[in-house]
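Engineer: Output the structure for:
(chains A and B)
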Amino acid sequence: MMKKYKWLVPTIYILFLMLPIYWLLNMSFKTTTEIINTYSLWPQKFTFENYITIFTDNTWYTGYLNSIYYVVMNTILSVVAALPAAYAFSRYKFLGDKHLFFWLLTNRMAPPAVFALPFFQFYSSINLFDTHVAVALSHCLFNIPLAVWILEGFISAVPKELDETAYVDGYAFWRFFFKIFIPTITAGIGITMFFCFMFSWVELLLAKTLTAVAAKPIAATMTRTVSTSGYELGLLAAAGSLTIIPGAIVIYFVRNYIAKGFALGRV
Amino acid sequence: MNKTINQKAWLFVIPVFILVAFNAVVPLMTVVNYAFQETFGNNVFTWEGTRWFKQILRSDRFHSALGRQFLFTGVILFIQVPLGIAIALTMPKKGIGVSVCLVLMSMPLLIPWNVVGAMWNIIALPEIGLLGHTLNDLGFDYNFTQQTGDAWFTTILMDVWHWTSLVVLLSYAGLRSIQPAYYQAAEIDGANRWAVFRHIELPKMKKVLTIAILLRFMDSFMIYTEPFVLTGGGPGNATAFLSIDLVKMALGQFDLGPAAAMSLIYFFIVLLVCWVFYNLMMRNETQG
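Structural biologist: Numbers count the residues shown, from 1 in each chain, chains lettered A, B, ... in the order given. Below is the predicted model of the structure:
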């Protein structure tokens, strides 16, 4: 009896998740006038106007490019730096290793609001304010600890015999690392990149604090438009809908790894 | 795994150490600097000792923000953890349904936080939003920009929408790691559904659940962008959680000393709670 209706729970949950997304899409195909004056479950006058505005106005679409630019930069930087470190934490004992690991994790716990103002002053003083590099570097604060944490889990799941056999076969360390080890943990690297991408993509507070014009992320462009030009709901909804797409693409590619990645008890 | 002692491993860790220290040390020292001094600009500082800390710890404003924060985080954990487990238990175990569920459920996690706020703002608007309109049609006097209760309801609903999936994914992964033999043994013993959950599934999920609770605690305790966009901390200060209050103090009023002191107290609370969780987690692990 209970088994028969089991599918209802996830179905209702997914419907609940999709409702606000549907509403956002619905709004994005309406004109702002229609949104404000009428309440309707679907657009009465279907329009692409909002999307056209975004794709033709460069203050809008450069926002997307800026975001993608620093997110990709951060993801690569985090994974490349975290790989050897995660290997070291997993395979070796060294002075202060446990303290260092916990210290890294504490940075994941630092409220970004605490760091917003000092970050602004710090990056201004080293002339990096309003650059993509600044945002990519600042997101390392929470992405590198996370990347090390996840990768360490994946690396520890690889038996040490793999390393030892390679050395016996006469592999030098770096050749072993690139030719054998990295291909063995591609799933782990994929998952790590997914999470770095995710947390860098969704973060706004630091990205907004560290940019003004040249590297302004799309999320910040959106907040500005709301406050200045009245309340352009249609445009806001279209811009919001477009921010869902990169995430959706990334999820599609890593869907098979997600459950596996979580199963290692990391993240 | 037995590890070899190798001090050269530090060379592997150096890039990570430099990158994180670059971001953590200088800004944190800046905060410490402000927390103990008074400044009138032009880089002139006077030593204030613990004055700002005393001021913050005694202020009603901080007490009420902290109270709201704990209440919010408590409610969030109380709803999301059981709900997440329930959904994970009912999810399909094989077939196309798994992919569909995983992809659709992960969606809210990958939407920029201010878009989440904006999205819920749009859906909750009393006149033109789906939620607001429906609730008013049903006879509720709903307006989240003016009534405290409604603002809380909307903020909590938004967070449940946004983050329950994380608990679901983690619990689901935990459930998947259970060998079928356990279930067969339970069936032979004639265990009922509750006993299976209590004695097989729950212990197996313990580790992932600890991580889920830890992550949900950290992130809900640091929540800023979503409620800021949704309610702006209002009506009044009804949904001004710690981060919102802090940013208001630091950037709005430019009270740098008290804001810095508050930052340190805030960070300390997060660290303390996480440290306790972390140790509990490790202790459970060694007990097996």
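Engineer: Spell out, range by range, the helices that occur in the chain.
Structural biologist: No chain was given, so I picked chain A. Secondary structure of chain A (DSSP state H): helices located at A:8-28, A:32-37, A:49-56, A:58-91, A:97-108, A:112-125, A:132-156, A:161-168, A:173-176, A:182-184, A:186-202, A:205-209, A:218-228, A:233-263.
Engineer: Let me rephrase: I mean chain B.
Structural biologist: Secondary structure of chain B (DSSP H): helices at B:9-35, B:51-58, B:60-90, B:96-106, B:113-124, B:130-137, B:148-176, B:180-188, B:193-196, B:202-221, B:225-230, B:242-247, B:256-287.
Engineer: elements contacting the fourth one?
Structural biologist: It stands for helix B:96-106. When contacts are defined as 3 or more CB pairs under 8 Å, 6 or more residues apart in numbering or on different chains; DSSP states H and E, helix B:96-106 packs onto helix A:8-28, helix A:233-263, helix B:148-176. For the C-beta atoms, the positions are set from N, CA and C on the backbone; glycine is no exception.
Engineer: quick one, the longest one and helix B:148-176 angle?
Structural biologist: Relative orientation of helix A:233-263 and helix B:148-176, computed by axes from the mean of the first three to the mean of the last three CA atoms, to 10 degrees: 30 degrees.
Engineer: And the residue of chain B closest to chain A?
Structural biologist: Nearest residue of chain B to chain A (CB to the nearest CB) works out as B:Leu110 at 2.8 Å.
Engineer: got a list of what the residue lying closest to that residue once chain neighbours are set aside touches?
Structural biologist: Closest residue to B:Leu110 apart from its sequence neighbours, by CB to CB, 6 or more residues apart in numbering or on different chains: A:Gly247 at 2.8 Å. By CB atoms under 8 Å, 6 or more residues apart in numbering or on different chains, the contact set of A:Gly247 is A:Met198, A:Trp201, B:Met107, B:Leu109, B:Leu110, B:Ile111.
Engineer: Number of residues surrounding residue 156?
Structural biologist: In the absence of a named chain, this looks at chain A. If you count neighbours by other CB atoms under 10 Å in any protein chain shown, A:Ser156 ends up with 17.
Engineer: Sorry, I should have been clearer: chain B.
Structural biologist: For B:Ile156, using other CB under 10 Å, the count is 16.
Engineer: Look at it and report its pLDDT.
Structural biologist: In this model, B:Ile156 is scored at 95, pLDDT.
Engineer: Now do it against B:Glu226, distance only.
Structural biologist: As judged by CB to CB, to the nearest Å, B:Ile156 and B:Glu226 stand 11 Å apart.
Engineer: try B:Asn6
Structural biologist: 44 Å.
Engineer: and these two? which has more neighbours close in?
Structural biologist: B:Glu226 (23 against 14).
Engineer: Might you report the residue contacts of the more buried one?
Structural biologist: B:Trp113, B:Asn114, B:Val116, B:Gly117, B:Trp120, B:Thr155, B:Met158, B:Asp159, B:His162.
Engineer: Could I have the ChimeraX command that selects the buried members from those?
Structural biologist: Restricted to buried positions by 16 or more other CB atoms under 10 Å in any protein chain shown, the ChimeraX selection for the contacts of B:Glu226 reads:
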select /B:113,114,116,117,120,155,158,159,162
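Engineer: Find the nearest non-adjacent residue to B:Thr225, please.
Structural biologist: B:Trp113 (3.9 Å).
Engineer: what's near enough to touch that neighbour?
Structural biologist: A:Val202, A:Glu203, A:Leu204, A:Ala219, B:Thr225, B:Glu226, B:Val229.
Engineer: With pLDDT as new columns, can those residues be given to me in CSV?
Structural biologist: As requested, the contacts of B:Trp113 are exported to CSV (pLDDT from 0 to 100):
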residue, pLDDT
A:Val202, 89
A:Glu203, 88
A:Leu204, 83
A:Ala219, 76
B:Thr225, 86
B:Glu226, 88
B:Val229, 86
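Engineer: Next, work out how far apart A:Val72 and chain B are.
Structural biologist: Applying CB to the nearest CB, to the nearest Å, the value for A:Val72 to chain B is 15 Å.
Engineer: Report pLDDT for B:Tyr224.
Structural biologist: pLDDT, B:Tyr224: 88.
Engineer: Who are the contact partners of it?
Structural biologist: A:Pro111, A:Pro112, A:Ala113, A:Leu205, B:Phe241, B:Ser243, B:Ile244, B:Val247.
Engineer: contacting residues around B:Gly234?
Structural biologist: With contact taken as CB under 8 Å, 6+ apart, B:Gly234 is in contact with B:Thr145, B:Ala151, B:Ala240.
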